[in-house]
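Peer 1: what follows is a predicted structure for the sequence shown.
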4 protein chains.
Amino acid sequence: MKSEINEIIDLIKKFRDDRDWEQFHDAKNLAICLNVESAELLELFLWKSEKEVNSEKVKEELADVLYSAFLLADKYGFNVSEIIKNKIEINERKYPIEKAKGTNKKYNEF
Amino acid sequence: MKSEINEIIDLIKKFRDDRDWEQFHDAKNLAICLNVESAELLELFLWKSEKEVNSEKVKEELADVLYSAFLLADKYGFNVSEIIKNKIEINERKYPIEKAKGTNKKYNEF
Amino acid sequence: MKSEINEIIDLIKKFRDDRDWEQFHDAKNLAICLNVESAELLELFLWKSEKEVNSEKVKEELADVLYSAFLLADKYGFNVSEIIKNKIEINERKYPIEKAKGTNKKYNEF
Amino acid sequence: MKSEINEIIDLIKKFRDDRDWEQFHDAKNLAICLNVESAELLELFLWKSEKEVNSEKVKEELADVLYSAFLLADKYGFNVSEIIKNKIEINERKYPIEKAKGTNKKYNEF
């Protein structure tokens, strides 16, 4: 049985292949795309307080971000669940609870 | 039974709550975080051709991107699978196959 | 006599040419560089209020942003003063005072 | 006599004050604005080779980037020429010619 994430990635790839777009999707352009989509999401918050922000638009822009991130994961053959779990383990060493608790400092500022 | 994505989000939230970091995680800062992480990923490609890029580092930076994106989805109570599926439907109308096939143009350039 | 901005651009280009870096500086990579530097600046504000931000670091990161922006202007042969003046004129039409005064709305939200 | 850059910054501030926008321009939002504008510039290059990019649009988006960067410099009272000159000196130590010449490596990869 396909995992939830693989099912979404397959939908994304069907959309891409129906349009014959894989030819443009090298990893460098996908990384650029991810930045452009993240900035469109961020723009919704520009000059505004959180409650002035349109959550329907956040939904759409966040979907675009995830779309590009999943395509990039697929490009490299990464398992999305696995790489996040691995990164949490790395961060547990970088941000030990006793040092990191309740502070907004970066690990190199401890 | 928890879905795959909800399971990951729960791990991310446990990491956050062990450090008492939710107090810093308003939506605006999460959107900033997502941009900062996306740019760290993009930096791996700067001045380089794709084959010069270290894929182990891509793995780590992409995990950070997904980490922030999932926290933001959780903040708004969005279902990740659902918002991506909805966005694909929107994009199907924006990029009809007969116009979009094989071109790198934006929908407003057709 | 050289203008103030041309003097700075000449210093930047001397730094670049002493290192034989022009070969890497195509416009696409310079635009990526500008995004990476802007995000490093933004990271200084992440999770923080304005008064917690280190202004010495803002100074350095903002210099990096301007450095990449000036190199990109030079790449295209743009006159920096002129393109800003022209953009202000465009923005005056996009944001007429009577509509834009005192509001944080985007021109397409008026 | 006003310097070239101060003259531009004064034009930018007149545009801002005519619209009573200073109230929105805290440093954090200006840093977000700079990221959003940089990403709009980068988007012009997305999926494209350099020669497919519209240079008139590059001109406009780069002007927006410089506009935000100059407002941020003004916010902190920085002298633009000076901070760039200082950063070049820092970079000369970080990237000594004999190590940096002809390589696309970051200083921490030497």
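Peer 2: Received, thanks. The structure displayed is predicted, hence computed values, not measured ones.

Peer 1: for chain A, which residues are neighbours of chain C?
Peer 2: Applying C-beta under 8 Å from any C-beta of the partner chain, we find that chain A lies next to chain C at A:Ile32, A:Asn35, A:Trp47, A:Lys48, A:Glu52, A:Asn104. (C-beta placed from N, C-alpha, C; glycine too.)

Peer 1: of those residues, which is the most crowded?
Peer 2: In terms of neighbours by other C-beta atoms under 10 Å in any protein chain shown, the residues of chain A next to chain C top out with A:Asn35 at 28 neighbours.

Peer 1: skip the chain neighbours and tell me the closest residue to it.
Peer 2: Nearest residue to A:Asn35, sequence neighbours excluded (C-beta to C-beta, 6 or more residues apart in numbering or on different chains): B:Ser38, at 4.8 Å.

Peer 1: export the residues of chain A next to chain C as CSV, with columns for pLDDT.
Peer 2: Formatted as CSV, these follow (pLDDT from 0 to 100):
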residue, pLDDT
A:Ile32, 98
A:Asn35, 98
A:Trp47, 96
A:Lys48, 95
A:Glu52, 94
A:Asn104, 90
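
Peer 1: quick one: the host helix or strand of A:Ser68 near chain B?
Peer 2: Per DSSP states H and E, A:Ser68 falls inside helix A:55-76. Yes - applying C-beta under 8 Å from any C-beta, one finds helix A:55-76 in contact with chain B at A:55, A:58-60, A:62-67, A:69-70, A:72-73, A:76.

Peer 1: ditto for stretch A:80-98
Peer 2: Yes - applying C-beta under 8 Å from any C-beta, one finds stretch A:80-98 in contact with chain B at A:80-81, A:83-88, A:90-92, A:95, A:97.

Peer 1: so how do I select the buried members of these in ChimeraX?
Peer 2: Remark: buried members of those, expressed as a ChimeraX selection using 16 or more other C-beta atoms under 10 Å in any protein chain shown:
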select /A:80,81,83,84,87,88,91,95
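
Peer 1: mind checking which of the residues of stretch A:80-98 next to chain B land in helices?
Peer 2: A:Val80, A:Ser81, A:Ile83, A:Ile84, A:Lys85, A:Asn86, A:Lys87, A:Ile88, A:Ile90, A:Asn91, A:Glu92, A:Ile97 (DSSP state H).

Peer 1: state the distance from the most far-flung residue of chain A relative to its centre to D:Tyr107.
Peer 2: Seen from the C-alpha centroid of chain A, the residue lying at the greatest distance (C-alpha atoms, centre = their mean) is A:Glu98, 28.4 Å away. To D:Tyr107, A:Glu98 is 32 Å away according to C-beta to C-beta, to the nearest Å.

Peer 1: determine how far stretch A:19-29 lies from the middle of the whole chain.
Peer 2: In this view, stretch A:19-29 has its centroid 18 Å away from the chain centroid, taken as C-alpha atoms, centre = their mean, to the nearest Å.

Peer 1: now do the same contact list for the closest residue to A:Phe15 other than its chain neighbours.
Peer 2: Of all residues not flanking A:Phe15 in the chain, B:Ile88 sits nearest, at 5.4 Å (C-beta to C-beta, 6+ apart). B:Ile88 is in contact with A:Leu11, A:Ile12, A:Phe15, A:Tyr67, counting by C-beta atoms under 8 Å, 6 or more residues apart in numbering or on different chains.

Peer 1: I'd guessed A:Ala63 sits against B:Asn86; true?
Peer 2: Yes - A:Ala63 lies in contact with B:Asn86 (C-beta atoms under 8 Å); the separation is 6.9 Å.

Peer 1: right, and chain D sits closest to which residue of chain A?
Peer 2: Residue nearest to chain D within chain A (C-beta to the nearest C-beta): A:Ala39, separated by 3.2 Å.

Peer 1: name the nearest residue to that residue, sequence neighbours excluded.
Peer 2: The nearest residue in space to A:Ala39 (C-beta to C-beta, 6+ apart) is D:Ala39, at 3.2 Å.

Peer 1: next one: A:Lys2
Peer 2: Closest residue in space to A:Lys2, ignoring its immediate chain neighbours: A:Asp10 at 7.2 Å, by C-beta to C-beta, 6+ apart.

Peer 1: and that neighbour, which of the three is it?
Peer 2: Here A:Asp10 is helix, with the state taken from DSSP: H, G, I helix; E, B strand; the rest coil.

Peer 1: and it, what pLDDT?
Peer 2: You'll see A:Asp10 listed with a pLDDT of 97.

Peer 1: against B:Ser81, how distant is it?
Peer 2: Applying C-beta to C-beta, the value for A:Asp10 to B:Ser81 is 12 Å.
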